[in-house]
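Q: Based on what follows, work out the 3D shape:
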Amino acid sequence: MIRPIPLYLLTLALFVSLVSGIAFGQKTHTFAIASGQFLYDGKPTQIHAGEMHYARVPQPYWRHRLKMLKAMGLNTVATYVFWNFHNPAPGVWDFKSDNHNLAEFVKTAQQEGLFVMLRPGPYACAEWEFGGYPWWLQKNKDLVIRTNNKPFLDSCRVYIGKLAEQVKSLQVSQGGPIIMVQAENEFGSYVAQRKDIPLEEHKQYNRAIRQMLTEAGFTGPFFTSDGSNLFEGGSLPGVLPTANGEGSVDNLKKAVDAYHDGKGPYMVAEFYPGWLDHWAEPFTRIGPESIAKQTEIYLKNGVSFNLYMAHGGTNFGFTAGANYNDEHDIQPDITSYDYDAPVSEAGWATPKYTVIRELLKKYATYSIPEVPANLPVITLPPIALTKTVDLTDIKKGVKPVTNDKPLSFEDLNQGHGYVLYSRRFTQPTQGTLKIEGLRDFVTVYVNGKKVGELNRIEKQYELPIDIPFNSTLELLVENMGRINYGANINQNTKGIISPVIINDQEITGDWQMSRLPFSEVPDLGKFTAKPAKAGRPTLYGGTFEVKQTGDVFLNMSDWGKGIVFVNGHNLGRFWNVGPQQTLYVPGCWLKPGQNTILIFDQLNPTVLQAVKTVDAPILDRLKES
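A: Numbers count the residues shown, from 1 in each chain. Predicted structure coming up:
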C-alpha cells in the first residue's frame, strides 16, 4: 500500500535540498579538457585568470580584491595553498582562523562569479618562506624534501588529505568553482637544477604527488606549470602542461603539442605583469604598454592565461621567502608583495589594470562590472612612542639553552624570528671573528656595545673583534626567510650552523642561546621602561587614536631594521636599505579609538620618539650609500 508522504517530511526534504543547493553552488557543472579545448558544461571556454593568494590578504578584504579581479575582466582566480601556513607545527592544523579559511575564500570567489584554479603544491615557490614547506620537516634527518623519499611522501600525503577535507566538495563537479588543480609546481625547473638525481627518480616522485591528489578526492582536470623548455622534467602523462612566462604563441603550441598528444588547449599559467623584489636591490617596474601588447597576443590567438600576480598582497609576519645567486648567498624578499601587479598591494587599480580591463572588454564574451572604489586611506599625526625596553630585559625572561656549540634554530625547535647567542670569555681574545655558517644576519656586541654586523646577503662572514678579559660576546641572529626556489631549497636550516671561529680556533663551551621567535607581540607592560640607547636592540611601544579607520602606510625610512606589530598583527620586516620604506597597515586591523603599536629595531641607529605615516607606499627607494 502506498502511503502519502507527511507534509512535515516534504517540508524537511525541501529545506535540505535548498541548503544543499546553497552550500554547493545551486547546481553542479562540468569542466573538462577535450578536443584541444577547455569545456565548461560542454562549451569551449577561454580562461582569463589572475593570481591572488588568500594568505597574503586580510580576510575582510578578500571580497574587495576579488571584485577588483572581476572588474578587470577576469573570469578565474588562481591561488597557491601554502602547506606551512596551515600546518605551523607537527599535528597542528589551521583552516579556520582569519585568512586561513581556504574554503571560505573559494566560496567568496564563487559568489563573485569567478572560477578557481587551485595550486596545492605541496611545493609552491611564490617567494613564500621555504616555498610553502613547514620548517620543522628539516628536524627529521631521514626526510629529504621534494624527492622520492618515504618520510617526505608520507608527510605530503597527510597534508594533501587535510587539504582535500576542506575543499574537495568545492570542485565544479559538486557545484563549487574549482575547475582545475595543479599537480606539484614548476617541477621541471627542479629536475634541471638537481641533475644529481636520476630522471626516473624525479618522475617517480612527481607521479606519486599526482596519485595522492587523486586518492584524496581531487578529480581534476589537472595541470602542470613549467617553462616551455622544461616540460621533459615537469610534465605528467594525461595532465595538461602549461607554460610559465612564454610570450611566443608558436613556442607555446609546439611545447604543449609535444607533451599533450599534439593538441591544446594552450595556456600560460604564469604571465608576469610584474616581478619579485629583494631587499637592497632596485624595485622592478614593468610598463603597462608591454603588458597590454602581450595580453592582446594571447587574446587574439585564443591562449588562456593567468596573470601572476593580478594582486600580490603582503608578506605579513615572517612569511617572506628568499632567493640566491652567484653574487648573493641569499636574497631575502621584501615584505610587500605588491609585485608591480595590476591591483596594487593596497587594492588600487593601476594604469596596468586599466589597459588590461580595456582589452578584456573588447575580447571577452561576458559582461564586465564597474571597478569598485578604493578602500579608505588615512594618515595620522606622528605616533608617539612612549615606552622603550632594551632587548636585554626581554632576554631575562627567556630561559636560555646551554650547549658546547651554537645550535641552529631547528635544533632549538624554533622556526622564525631571532636567537641571541652569548658566551662569556675568561681570557682576553682578539683577532678575526668568522661565522661562515651564518643564517642570515647578525649584529655583534661585546659587553653590550655593538661592534659590527655580518650578513649572508653580501657574503660578509667575518670582522675584527677585541674581547677583553671577563667579557661577553653576544650574537643577535635573524632568520630572514628560507630559500623558496632552486637546488639549495634543501639547505634551509637557520641560525648559526657551523663553528664560530676566532683566529682560526673554534669557540666552544657554555654557549647560551635565548630564543626570541616573536610569534606573539611582547607585553612591554611586564618591563620597566628605560631610556633607549642608539646601537642597542630596542622595543618601542605606544598607542594612537583613530576616529575613522582606513589603510595606513607607516614610514619606516628613519628607522634601522626590524619588525612592527599593530594591534597584535605582525606587519612584517622593515629595513632602511630599501627599496621598501613603508609598511602597509590594513584598515581592517584598526579600530575606532585606541590602537597599539610595537616596533622592534634590532639596529636602532638613532633613538626616535615617534613614527610617521604617509598616504602612499614607498617601495622603490634604495638607501643612498
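Q: how about Ile502, phi and psi?
A: phi -130, psi 120 (degrees, to the nearest 10).
Q: isn't it right up against Ile465?
A: Yes: between Ile502 and Ile465 there is a contact under CB atoms under 8 Å: 6.7 Å. For every residue, glycine as well, the C-beta is placed using N, CA and C.
Q: So for these two, which residues contact both of them?
A: 429, 431-433 (CB atoms under 8 Å, 6 or more residues apart in numbering).
Q: Just the buried residues of those residues.
A: 429, 433 (16 or more other CB atoms under 10 Å).
Q: The shared contacts of Ile502 and Ile465: which two are farthest apart?
A: Spatial extent of the shared contacts of Ile502 and Ile465 (CB to CB) is set by the pair Thr429 and Thr432 at 10.9 Å.
Q: okay, and the common contacts of those two?
A: 465, 502-503.
Q: of these, buried ones?
A: For these, buried by 16+ other CB under 10 Å: 465, 502.
Q: For Asp615, state which of the shared contacts of Thr429 and Thr432 is nearest.
A: For the shared contacts of Thr429 and Thr432, the nearest to Asp615 is Ile465 (44.9 Å; CB to CB).
Q: still on that earlier bit, just the shared contacts of Ile502 and Ile465: which are in helices?
A: Using DSSP state H, no member of the shared contacts of Ile502 and Ile465 sits in helices.
Q: Closest to Arg210 out of the shared contacts of Ile502 and Ile465?
A: Checking the shared contacts of Ile502 and Ile465 against Arg210 by CB to CB gives Leu433 as the nearest, at 49.1 Å.
Q: Next, give phi and psi for Val172.
A: According to degrees, to the nearest 10, Val172 has phi -60, psi -30.
Q: Revised request: answer the last question for Ala32.
A: phi -140, psi 160.
Q: Is the nearest residue to it once chain neighbours are set aside in a helix, a strand, or coil?
A: Leaving aside its sequence neighbours, Ala32 sits nearest to Leu39 (CB to CB, 6 or more residues apart in numbering; 4.8 Å). On the three-state scheme (DSSP: H, G, I helix; E, B strand; the rest coil), Leu39 is labelled strand.
Q: Just confirm Leu39 contacts Gln46, I think it does.
A: No: in this structure, Leu39 is not within contact of Gln46 by CB under 8 Å, at 11.2 Å.
Q: Compare the two (neighbour count), which wins?
A: Gln46 (19 against 16; other CB atoms under 10 Å).
Q: ok, now which ones touch the more buried one?
A: Gln46 makes contact with 38, 302, 304, according to CB under 8 Å, 6+ apart.
Q: quick one: average confidence on stretch 614-625?
A: In this model, stretch 614-625 has a mean pLDDT of 93.
Q: So which residues of the stretch 51-200 of the chain form helices?
A: Under the criterion DSSP state H, counting those that start in this stretch, the stretch 51-200 of the chain contains helices at 62-72, 83-86, 102-111, 150-167, 187-193, 199-216.
Q: Pull the residues that contact the shortest one.
A: So that's helix 83-86. 55, 93-95, 100, 102, 121-122, 124, 129-130, 132-135, 159, 162-163, 319.
Q: let's see it at 10 Å
A: Applying CB atoms under 10 Å, 6 or more residues apart in numbering, the external contacts of helix 83-86 come out as 53-56, 92-96, 99-100, 102, 120-124, 128-137, 155-156, 158-160, 162-163, 166, 319, 415, 482.
Q: Filter those down to the buried ones, ChimeraX style.
A: Selection command for ChimeraX covering only the buried members of these, criterion 16+ other CB under 10 Å:
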select :53,54,55,56,93,95,99,100,102,120,121,122,123,124,128,129,130,131,132,133,134,135,136,137,155,156,159,160,163,166,319,415,482
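Q: For the residue nearest to Ala32, which residues count as its bridge partners?
A: For Leu39, the beta-bridge partners under DSSP bridges are Ala32, Pro44.
Q: Quick check: the gap between it and Phe31.
A: In this view, Leu39 and Phe31 are 7 Å apart by CB to CB, to the nearest Å.
Q: Parallel or antiparallel, which strands does the helix or strand that contains Lys612 pair with?
A: Secondary structure assignment for Lys612, by DSSP states H and E: strand 610-614. Strand 610-614 has the following strand partners under DSSP bridges: strand 383-384 (antiparallel), strand 552-555 (antiparallel).
Q: Check which residues of it are buried.
A: For strand 610-614, by 16+ other CB under 10 Å, it's 611-613.
Q: picking that back up, Gly113 is nearest to which of the strands paired with strand 610-614?
A: When the strands paired with strand 610-614 are compared by CB to CB, strand 552-555 sits nearest Gly113, at 31.1 Å.
Q: Would you mind identifying the next helix or strand past that closest one?
A: Next element after strand 552-555 (DSSP H and E): strand 561-566.
Q: Remind me what the very next helix or strand once past that next one packs against, helices and strands.
A: Downstream of strand 561-566, the first helix or strand assigned by DSSP H and E is strand 569-575. Contact partners of strand 569-575 among helices and strands, from 3 or more CB pairs under 10 Å, 6 or more residues apart in numbering; DSSP states H and E: strand 552-555, strand 561-566, strand 582-585, strand 593-601.
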